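Peer 1: Just need the structure, nothing else, for what follows:
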Amino acid sequence: MDLIQETQRSLYATVGATAWMVGVLRDAPGWVGHAWRERNQVVHRLSGAYEALSERGKVIMGGAQQELEVGAQELDQAARRIPGAAEAEGAVVGAFIGEADLPIAHYDKLTADGVVHKLPGLTQFELRKVRGYETRNQARVTVIGRIDKLCEEQPWPGYDEMTLDEILPKARELPAAAQTDLVHYERRHKNRRTITDAFSHA
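Peer 2: Below you'll find the model as predicted:
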């Protein structure tokens, strides 16, 4: 790849990355710039993500912006498999989203106990989103306190984003102590029987 092609590819990637973040951080105050820089570093560490962003930049510059969302979910999931990415992104997103973007339906109509009851099934990313929204709005101590107890390190980066078919083979390779920790984490959160039963002997 010659210098001109690489420069063009870099430009496309920059445009793609910018468009991706604008939807999340639109109208954010200046301190979000720090979060953007961290997110940018994460993106450039992903295998294949640079190419994906380049393609998205081409779409925008070619006038076909309606195609921008193709593959966005897969890229987001890949990004959250970088250590700390899901937690950092969730905290930033939660500070600016509306009720409709929360992982809990009819959130504003729920009591504190109603929200707390629904928290264990959320991913670390979703927990941070809810915390940010709750802090910005009702700031209920019961809700925030419960979220803080559930916010913890995943068994490995990206665990929450993985399917059962992805988790089980990787978990089988763990030492017994790590399998036990995984079971405890799973029981505190999604509590999927397929996982807990497979490693409950650990």
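
Peer 1: Any stretches of the protein with poor pLDDT?
Peer 2: Within the chain, the stretches with pLDDT under 70 are 1-92, 202.

Peer 1: Now do the strands in it.
Peer 2: With DSSP state E as the definition, the chain shows no strands.

Peer 1: That one: helices as residue ranges?
Peer 2: Along the chain, the stretches classed as helices by DSSP state H are 3-25, 32-45, 49-61, 72-79, 85-94, 112-118, 124-136, 141-150, 164-172, 176-188, 193-199.

Peer 1: how's the protein carved up into domains?
Peer 2: 1-79, 162-199 (automatic domain parsing).

Peer 1: How many neighbouring residues does the closest residue to Y133 other than its chain neighbours have?
Peer 2: Distances taken as Cβ to Cβ, 6 or more residues apart in numbering put G94 closest to Y133, at 5.1 Å, once the chain neighbours are dropped. Bear in mind the C-beta positions are built from the backbone N, C-alpha and C, glycine included. Counted by other Cβ atoms under 10 Å, the residues lying close to G94 total 22.

Peer 1: go on, the one 5 residues further on?
Peer 2: Residue crowding around E99 was assessed by other Cβ under 10 Å; the count is 13.

Peer 1: Could you do H117 as well?
Peer 2: H117: 13 neighbours (other Cβ under 10 Å).

Peer 1: Please apply the same query to Y107.
Peer 2: Neighbours of Y107 using other Cβ under 10 Å come to 20.

Peer 1: mind checking how far it is from D181?
Peer 2: In this view, Y107 and D181 are 31 Å apart by Cβ to Cβ, to the nearest Å.

Peer 1: Relative to R136, how far out is R172?
Peer 2: From R172 to R136 the distance is 41 Å (Cβ to Cβ).

Peer 1: Please apply the same query to D101.
Peer 2: Taken as Cβ to Cβ, the span from D101 to R136 is 13 Å.

Peer 1: swap in H117?
Peer 2: For H117, the distance to R136 - Cβ to Cβ - is 21 Å.

Peer 1: and if you look at L122?
Peer 2: For L122, the distance to R136 - Cβ to Cβ - is 18 Å.

Peer 1: Those two: which has the busier surroundings?
Peer 2: Per other Cβ under 10 Å, whichever of L122 and R136 has more neighbours is L122, with 21 against 12.

Peer 1: Can you tell me the closest non-neighbouring residue to the more buried one?
Peer 2: That would be P103: by Cβ to Cβ, 6+ apart, it lies 5.7 Å from L122.
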